[in-house]
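*Asks:* sequence first, predicted coordinates after that:
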Amino acid sequence: MDKRQILERCKKEGVRFLRLTFTDIDGIIKNVEVPGTQFEKALDGQIMFDGSSIEGFTRIEESDMLLKPDPATFAIYPWPTPYGKVARLICDVYNTDDTPFAGCPRLALKRVVERASKRGWTMMAGPEAEFFLFRRDAAGKPNHEVHDVGGYFDLTPVDLGEEARRDVVEVLERMGFEVEAAHHEVAPGQHEIDFKYTEALATADNIVTFRFVVKKVAMDHGLHATFMPKPIYGVNGSGMHTHQSLFKDGKNAFFDPKTAWQLSKVARGYIAGILEHARAFVAVTNPLVNSFKRLVPGHEAPINVAWSEKNRSPLVRVPARRGTGTRCEVRVPDPSCNPYLALSVMLACGLDGVQRGLDCGEPVNRNIFEMSEREKRRLKIKELPANLNEALDNLERDKVVQDALGEHIYSNFLRNKREEWHRYICTVHEWERDQYLEEY
């Protein structure tokens, strides 16, 4: 819709407030809300906010920033409020001189998408975002008690989150999503909702909206939704497997019926680029200290840098569908990441593999989890970094990933994450007291 159509829709639907949303570098959703009298000004991209108050944005002496809304993201929230309906627009962040702000994550993804577009490619992506639902205590604070004892694809009565999941789907569909599936995941209290594969920027916008809707609906049900990758010891963590492909002239550039595995040279190069840079981009796709507690053996997490067409132990899997549905599934990201930055670095790394003519080699169709270290060395299968600090070390050595982020985002992201690691290693944790206090 254009500006006029949005204003007409707001008037017709009785929209009283408009939320202008964006994310900080960490992927946390932010918003500036304006009343009806300011809708035209907002749609003209003239609403200012204080960028110095947003993590990783600007210093106090250069704090004013502009929000430029993308009309394609207009949606009306379907839940009622005492004040009338509320709509939202997702925005890009600009400087006051109308130049793009280098620290805007959405603009970072747009830059990489444009780079692919110049070669005729459109990146398509589809996430499988998992999350946990926890109960809340009498004061409304989330505790560590899951709401059920359900397992993979379980149904009521053990899956008490079914109603919450159904309400999430209802809200998403009313906001324009095409939801493909919703089900209980492997761990108690863990869920997954999948929505349609689409272009990269729209996918990132959808992930941000999805996380907000899940948290809002969970709260309405007296539950707390978390996208923390590993909230419970001893069970599977939450991943965000991301299916990816490149299209050219309306056709899937990953498909070639005349080659081995029916994968084109473009597909093999893209997968090779993902594998080559995975040990660095994992700092972005798995950005928390806690992320690496999911990436451990024994819980289906992809710690091995390899690809397969049949099993789920490697980092990249190629699902069985061919033709238009040919794609690679990158299994390492988790749902705590900033989706704009995560898609930026994965696309940039895939493109690097294509442009350099890399090849992903033979698939590893055996279960890597059952291989000896000697076998993995023979097959040149590396492992992902063991922790955030190691991932950041790799990020500092990888120019392709750095360029995808841009200097402003890269330097601020690196600083923030080094500080996060320092706080973590300086903290005395309950496990340490349980393990050492009496014995030593």
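*Replies:* That came through fine.
*Asks:* center of this protein - which residue?
*Replies:* Residue closest to the average C-alpha location in the chain (CA atoms, centre = their mean): Pro339, at 3.5 Å.
*Asks:* any idea how far Ala129 is from that one?
*Replies:* 9 Å (CB to CB, to the nearest Å). Backbone N, C-alpha and C define where each C-beta goes, glycine included.
*Asks:* sorry, back to before: go ahead and confirm the residue nearest to the centre of the chain touches Ile207.
*Replies:* Yes: assessed by CB atoms under 8 Å, Pro339 is found in contact with Ile207 at 4.0 Å.
*Asks:* name the residues contacting each of these two.
*Replies:* Pro127 (CB atoms under 8 Å, 6 or more residues apart in numbering).
*Asks:* what helix or strand is Asn127 on?
*Replies:* Check again: residue 127 is Pro, not Asn. Element membership of Pro127 [criterion: DSSP states H and E] is strand 121-136.
*Asks:* list the buried residues of the next helix or strand after that strand.
*Replies:* Sequence order places strand 142-146 as the next helix or strand after strand 121-136, per DSSP H and E. In terms of neighbour count (16 or more other CB atoms under 10 Å), strand 142-146 has its buried residues at Pro142, Val146.
*Asks:* alpha carbons of strand 142-146, as CSV, please.
*Replies:* The C-alpha trace of strand 142-146 is given here as CSV (Å, rounded to 0.1, in the frame of the first residue of the first chain):
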residue,chain,number,x,y,z
PRO,A,142,8.3,-16.2,34.8
ASN,A,143,9.7,-19.2,36.7
HIS,A,144,11.6,-22.3,35.5
GLU,A,145,8.5,-24.6,35.5
VAL,A,146,7.4,-25.7,32.0
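*Asks:* now do the contacts for the residue nearest to the centre of the chain.
*Replies:* Neighbour list for Pro339: Gly27, Pro127, Thr203, Ala204, Ile207, Val208 [criterion: CB under 8 Å, 6+ apart].
*Asks:* dump those residues into a markdown table; add neighbour count, distance to Asp256 and pLDDT as well.
*Replies:* Putting these into a markdown table (neighbours: other CB atoms under 10 Å; distance: CB to CB, whole Å; pLDDT from 0 to 100) gives the following:
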| residue | neighbour count | distance to Asp256 | pLDDT |
| --- | --- | --- | --- |
| Gly27 | 21 | 35 | 93 |
| Pro127 | 25 | 26 | 94 |
| Thr203 | 24 | 24 | 97 |
| Ala204 | 27 | 28 | 97 |
| Ile207 | 25 | 30 | 97 |
| Val208 | 22 | 34 | 96 |
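*Asks:* closest one to Leu18 out of those residues, please.
*Replies:* Using CB to CB, Val208 is the member of the contacts of Pro339 that lies nearest Leu18, at 16.8 Å.
*Asks:* kindly list the main-chain dihedrals of that closest one?
*Replies:* Here the main-chain torsion angles of Val208 (degrees, to the nearest 10) amount to phi -60, psi -50.
*Asks:* how close does it sit to Cys426?
*Replies:* Taking CB to CB, one finds Val208 at 32 Å from Cys426.
*Asks:* please apply the same query to Val113.
*Replies:* 39 Å.
*Asks:* so what does the helix-or-strand element of the chain with minimal mean pLDDT touch, helix or strand wise?
*Replies:* None of the helices or strands of the chain scores lower by mean pLDDT, DSSP states H and E than strand 142-146, at a mean of 79. Packing contacts for strand 142-146, counted by 3 or more CB pairs under 8 Å, 6 or more residues apart in numbering; DSSP states H and E, involve strand 121-136.
*Asks:* tilt between the strand it packs on and strand 142-146?
*Replies:* Angle of strand 121-136 versus strand 142-146, following axes from the mean of the first three to the mean of the last three CA atoms, to 10 degrees, is 90 degrees.
*Asks:* strand 121-136 pairs with which strands?
*Replies:* strand 142-146 (antiparallel), strand 190-195 (antiparallel), strand 198-199 (antiparallel), strand 223-226 (antiparallel), strand 240-248 (antiparallel) (DSSP bridges).
*Asks:* make JSON lines from those and add distance to Lys310 to it.
*Replies:* Formatted as JSON lines, the strands paired with strand 121-136 follow (distance: least, CB to CB, whole Å):
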{"stretch": "strand 142-146", "distance to Lys310": "32"}
{"stretch": "strand 190-195", "distance to Lys310": "21"}
{"stretch": "strand 198-199", "distance to Lys310": "27"}
{"stretch": "strand 223-226", "distance to Lys310": "32"}
{"stretch": "strand 240-248", "distance to Lys310": "16"}
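*Asks:* closest one to Ser411 among these?
*Replies:* Per CB to CB, nearest to Ser411 of the strands paired with strand 121-136: strand 240-248, 25.3 Å.
*Asks:* let me see the mean pLDDT of the closest one.
*Replies:* The average of the pLDDT scores along strand 240-248 is 96.
*Asks:* quick one: name whatever helix or strand follows that strand.
*Replies:* From strand 240-248 onward toward the C-terminus, using DSSP H and E, the following helix or strand is strand 251-252.
*Asks:* which residues touch that following strand?
*Replies:* Here strand 251-252 has contacts from Ser245, Leu246, Gly323, Thr324, Gly325, Thr326, Arg327, using CB under 8 Å, 6+ apart.
*Asks:* cool, stretch 386-401 as well?
*Replies:* Residues contacting stretch 386-401 (CB under 8 Å, 6+ apart): 277, 279-284, 286-289, 291-292, 345, 348-349, 352, 384-385, 402, 414, 417-418, 420-421, 424.
*Asks:* buried members of the residues you listed into PyMOL, please.
*Replies:* Remark: buried members of these, expressed as a PyMOL selection using 16+ other CB under 10 Å:
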select buried, resi 277+279+280+281+282+283+284+286+287+288+289+291+292+345+348+349+352+384+385+402+414+417+420+421
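*Asks:* tell me which of the contacts of stretch 386-401 fall in helices.
*Replies:* Among those, DSSP state H puts 277, 279-284, 291-292, 345, 348-349, 352, 402, 414, 417-418, 420-421, 424 in helices.
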